[in-house]
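Trainee: Next come a sequence and a model predicted from it.
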Amino acid sequence: MNKTKRNLILSSAIINLINMVANLVIAIIYCVDPELYANLGVYLVMISYYSIYFVFVEVVAGIIGSVCLLYAVRNKGKYFRRSQGYYIAGLIIIILAGGWIPWILLLISMFIPDIIIINSPSEIRREERMEDRREEEKKRKIEELRKMKEDGVITEEEFNQKLMELL
């Protein structure tokens, strides 16, 4: 997955979570003491007794949307193509229930391709050398296991078990 796209999605999810927590705190302050709410000068969200339930539903939906986005980009976006449904669900939920900054970031991320840019030749050679080292290490460990089995240090079952772990 493209790092820029992943970072935009993560930023959107985190900003949305912060926004939802702030909305929840404001709603709780209003429920506990409406006069304190009025004295704080918080007029960004006008809460009435009828809309307090809407705020709680909005907070829960926003948290669900953020969790969907975080799940979509797990393991550095390795499984993003398989979990695009979570990305789309999180996008829709945040557009409906979230703040405007998270959904703008998500809309920008929609236009960034999710493919990884091809590595340079030097990076490819470095990866090939690392893969060769891993293969050589496996071969060496298999030879050590075979020698231990022949010397009677480990049994056939232990040899097979350790061999399966290596492979």
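Mentor: The structure has been received and is ready for your questions.

Trainee: alpha carbons only for contacts and neighbour counts from here, please
Mentor: Noted.

Trainee: Going by neighbour count, list what's buried in stretch 5-18.
Mentor: Residues of stretch 5-18 classed as buried: Lys5, Arg6, Leu8, Ile9, Leu10, Ser11, Ser12, Ala13, Ile14, Ile15, Asn16, Leu17 (neighbour count, 16 or more other Cα atoms under 10 Å).

Trainee: ugh, wrong one, I meant stretch 155-167
Mentor: Neighbour counts using 16+ other Cα under 10 Å place Phe159 of stretch 155-167 among the buried residues.

Trainee: Pop the domain breakdown of the chain in here.
Mentor: As assigned by automatic domain parsing, the chain contains the domains 3-110, 121-166.

Trainee: which of those has the lowest average pLDDT?
Mentor: Least confidently modelled of the domains of the chain is domain 3-110, at a mean of 81 by mean pLDDT.

Trainee: Could you tell me which of the buried residues of stretch 5-18 belong to helices?
Mentor: Among the buried residues of stretch 5-18, DSSP state H puts Lys5, Arg6, Leu8, Ile9, Leu10, Ser11, Ser12, Ala13, Ile14, Ile15, Asn16, Leu17 in helices.
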